[in-house]
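**Student:** compute the structure for the input listed below.
(chains A and B)
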Amino acid sequence: MSAPRNTFLPRFAIAALVGAALVALADANLNPYLLSIIQFIGLNIILAVSLNVTNGFIGLFSLGHPAFMTVGGYVAAILVIPPERKAALLPDLPAFLAAQEWSFLPALIAGGSVAALVALIVGFPVLRLRGHYLAVATLGLIFIVQSFAVNLRGVTRGALGLSGLPELTNLWWVYLFCLVTIYVCWQLKHSSLGRTMLAIRENELAASCLGVKVARMRILSFVLGAFLAGIAGGLWVHLVTLISPSSFSFILAFEIVVMVVLGGTGSITGAVLVAVVLSVLTQLLRPVEEAANLFGASQMIVAFVVLVVLITRPKGLFGTAEPDLVGWLLRPFRKSKAA
Amino acid sequence: MNGAYLLSQVANGLILGSMYALIAIGFSMIYGIVRLINFAHGDIFTIGAFATLASIAVIQAPFPVVLAIVLVVGAAVGLLIERAAFRPMRGAPQVTGFIASLAVSIIIENLAVLTVSAQPRTFAVPAYLNRLIPLGGLNVRMIDIAIVLLAIILMIALVLFVRFTKIGVAMRATAENYDVARLMGININRMIGIAFAIGSALAAVAGLMWGTKYGQISPLMGVLPGLKAFVAAVIGGVGSITGAVLGGYVLGMAEVLFVGLLPPEYSGYRNAFVFGALILVLLVMPNGILGRSTEQRA
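**Tutor:** You can find the predicted model right below:
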């Protein structure tokens, strides 16, 4: 089903180092526009892999990622803005918040934690639902969070949003959290905890007969996904330096879900690959779209591709498997050695 | 707060509820037979509104003709979507169909934005529909009465159809047990097609009502009413037509009263209220008001 665990750590370390070298190279040579595109790709990887924990491992169908990103984004933004700017931007902010000035990393983690807390509170009622009901309830969560963001004007500045946020996110931060996300999710999948989750996905009744605490595992995976989504939200808003209630819409939920489903629900490799391919595809199509004055065409193409893949490969590209891409890439070299 | 104000709020709730109920019926029928939540349903509502606008503005059709056109367009689009997107996936896991419906919805929305532009359009309705009629101490527009009456007529027609015709019995059998119905010689694909056609036609009529009532339509107008109608279907009990009607009226009434009776600073939480209500209802009554427990199968 997957590579034995002991080969993962060295490979991961090597891949991380190679990635770091590439990041350093890109950071030094590329223009800011290309860098920001690479960062969006990284963010999509974080989002797809973290949603995979909820939707792929345990088989819950959540669309709530944008809600958690909104929560994480607002929390991180409010904590990071310096007090003097807060006084101008948000005069009605409660005093204990107005005095805060956090550095980036703790603010991100706080954003993730608040998102996780929201997931925990919402999770108890919502996770009793299955399949479709859960999907609609989490979609509803996006609208609930949005209406709070619009109406709690004292904290969020309403529909205007918070603009002019410091540009703190850079390629290194995104890369770091990509690594953390992939590492945590990979180790989770190949631990007994992750196996328990997969068991629930495959047959909930059988799993609970074997003594698996289904409800607890569901909450755990939902909360973990939400935590990472909250962090991604914090990174995102400090990349575009803006957050508004409509920053993360349900279209985004669809895009992330598509990455997970196309990659194969449960496959981390698949999620990463599709996240990269889809983000690059969208970026390539954007100039075409603008030139031809056909806005929305790229979304349509993506949606169409999704339909075709769903019809021809209902399990996604890789199913739950983690194909050995490194081995596959190296195969031609090995063959030449043998010959 | 006086009696007339309360009465007019109730009337508004009834109108909104009628529209929710018509959309919710389609959700419920389709879910009842194929266990699919059709996200594109809200977009058929949009298509209905635009079909209305087109037939009023372009061919200046009289209102009953417009209604007929909208019904036919809605049914045709529903059939087309089912044939093109959902039939090839028959037998796949439930989630597959759900994502497919999201994809269809995104295709329709972007197509609509590309063809008719995202600008909201105003809706000119014939003058006689805007005439004020005194009714129980309250002046209501002709259109308001027409909406409620039309919705009720359509619902009664549907219930009679499902209860007493041969096709209706076959549809209920299919919803009851898909496989056994097939063994009894019922053409399943035809039943699913009919469910899509009827459900979509009703959603399109709801689009007509929305446009004439609120006077403005746009390509993305269907997203929220579609989702809320789904909430209504769940509250009533998914799979049951009477449940969908009940849920539609309960939700429409609750939403209007929430906005109308609470202080104005809470009215922004309208959507939060609706989706919060969904979560609450599912907590207390996981199968909705009239739904039966069918989901627990090992």
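**Student:** based on its surroundings, how many neighbours for the closest residue to chain A within chain B?
**Tutor:** The nearest approach of chain B to chain A comes at residue B:275, 3.0 Å away (CB to the nearest CB). Using the backbone N, CA and C atoms, a C-beta is placed for each residue, glycine as well. Taking other CB atoms under 10 Å in any protein chain shown as the criterion, the count of residues near residue B:275 is 23.
**Student:** next one: residue B:10
**Tutor:** Residue B:10 has 15 nearby residues by other CB under 10 Å.
**Student:** the residue of chain B closest to chain A sits in which helix or strand?
**Tutor:** Assigned by DSSP states H and E, residue B:275 falls within helix B:270-284.
**Student:** next one: phi and psi at the nearest residue to the residue of chain B closest to chain A once chain neighbours are set aside?
**Tutor:** Leaving aside its chain neighbours, residue B:275 sits nearest to residue A:140 (3.0 Å; criterion: CB to CB, 6 or more residues apart in numbering or on different chains). Main-chain dihedrals, residue A:140, degrees, to the nearest 10: phi -60, psi -40.
**Student:** I'd like the distance between residue A:140 and residue A:67.
**Tutor:** 9 Å (CB to CB, to the nearest Å).
**Student:** so which of those two has more stuff around it?
**Tutor:** residue A:67 (32 against 27).
**Student:** so the residue nearest to residue B:275 versus residue B:289, what's the distance?
**Tutor:** For residue A:140 relative to residue B:289 (CB to CB), the value is 18 Å.
**Student:** any idea how far residue A:222 is from chain B?
**Tutor:** Distance, residue A:222 to chain B, by CB to the nearest CB, to the nearest Å: 14 Å.
**Student:** can you check residue A:30 too?
**Tutor:** The value you get for residue A:30 to chain B, if CB to the nearest CB is used, is 31 Å.
**Student:** list the contacts for that residue?
**Tutor:** Neighbouring residues of residue A:30 by CB atoms under 8 Å, 6 or more residues apart in numbering or on different chains: residue A:38.
**Student:** got a pLDDT number for the residue of the stretch 101-250 of chain A found nearest chain B?
**Tutor:** With CB to the nearest CB, the shortest gap between the stretch 101-250 of chain A and chain B falls at residue A:140, namely 3.0 Å. Residue A:140 carries a pLDDT value of 85.
**Student:** any idea which helix or strand comes after the helix or strand harbouring residue B:14?
**Tutor:** Using DSSP H and E, residue B:14 sits within helix B:3-34. Going down the chain from helix B:3-34, the next helix or strand is helix B:41-57, by DSSP H and E.
**Student:** so that following helix, near chain A or not?
**Tutor:** No - judged by CB under 8 Å from any CB of the partner chain, helix B:41-57 stays clear of chain A, getting no closer than 11.6 Å.
**Student:** how far does that helix sit from its chain's centre?
**Tutor:** 13 Å (CA atoms, centre = their mean, to the nearest Å).
**Student:** just checking, what packs against that helix?
**Tutor:** helix B:3-34, helix B:63-81, helix B:94-116, helix B:188-214, strand B:216-217, helix B:223-236 (3 or more CB pairs under 8 Å, 6 or more residues apart in numbering or on different chains; DSSP states H and E).
**Student:** any idea whether residue B:133 is helix, strand or coil?
**Tutor:** Following DSSP: H, G, I helix; E, B strand; the rest coil, residue B:133 is assigned to strand.
**Student:** pull the contacting residues for it.
**Tutor:** Taking CB under 8 Å, 6+ apart as the test, what residue B:133 contacts is B:139-142, B:145.
**Student:** repeat the analysis, applying 7 Å as the threshold.
**Tutor:** By CB atoms under 7 Å, 6 or more residues apart in numbering or on different chains, the residues touching residue B:133 are B:140, B:142, B:145.
**Student:** give me the pLDDT for it.
**Tutor:** Looking at residue B:133, the pLDDT reads 79.
**Student:** with mean pLDDT and distance to chain A added, can I get the helices and strands packed on helix B:41-57 in JSON lines?
**Tutor:** Output for the helices and strands packed on helix B:41-57, formatted as JSON lines (pLDDT from 0 to 100; distance: least, CB to the nearest CB, whole Å):
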{"stretch": "helix B:3-34", "mean pLDDT": "88", "distance to chain A": "8"}
{"stretch": "helix B:63-81", "mean pLDDT": "91", "distance to chain A": "11"}
{"stretch": "helix B:94-116", "mean pLDDT": "85", "distance to chain A": "3"}
{"stretch": "helix B:188-214", "mean pLDDT": "91", "distance to chain A": "16"}
{"stretch": "strand B:216-217", "mean pLDDT": "85", "distance to chain A": "18"}
{"stretch": "helix B:223-236", "mean pLDDT": "88", "distance to chain A": "6"}
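**Student:** so which of those gets nearest residue A:7?
**Tutor:** helix B:94-116 (32.0 Å; CB to CB).
**Student:** adjacent strands (with direction) for the next helix or strand along the chain from the closest one?
**Tutor:** Next helix or strand after helix B:94-116 toward the C-terminus (DSSP H and E): strand B:121-122. Using DSSP bridges, the neighbouring strands of strand B:121-122 in the sheet come out as strand B:216-217 (antiparallel).
**Student:** can you give the contact residues for the partner strand?
**Tutor:** B:49-50, B:53, B:120-123, B:211.
**Student:** ok, now stretch A:223-231?
**Tutor:** Against stretch A:223-231 from outside (CB under 7 Å, 6+ apart): A:46-47, A:50-51, A:53-54, A:62, A:65, A:68-69, A:71-72, A:108, A:111-116, A:118-120, A:123, A:177, A:181.
**Student:** perfect, that will be all.
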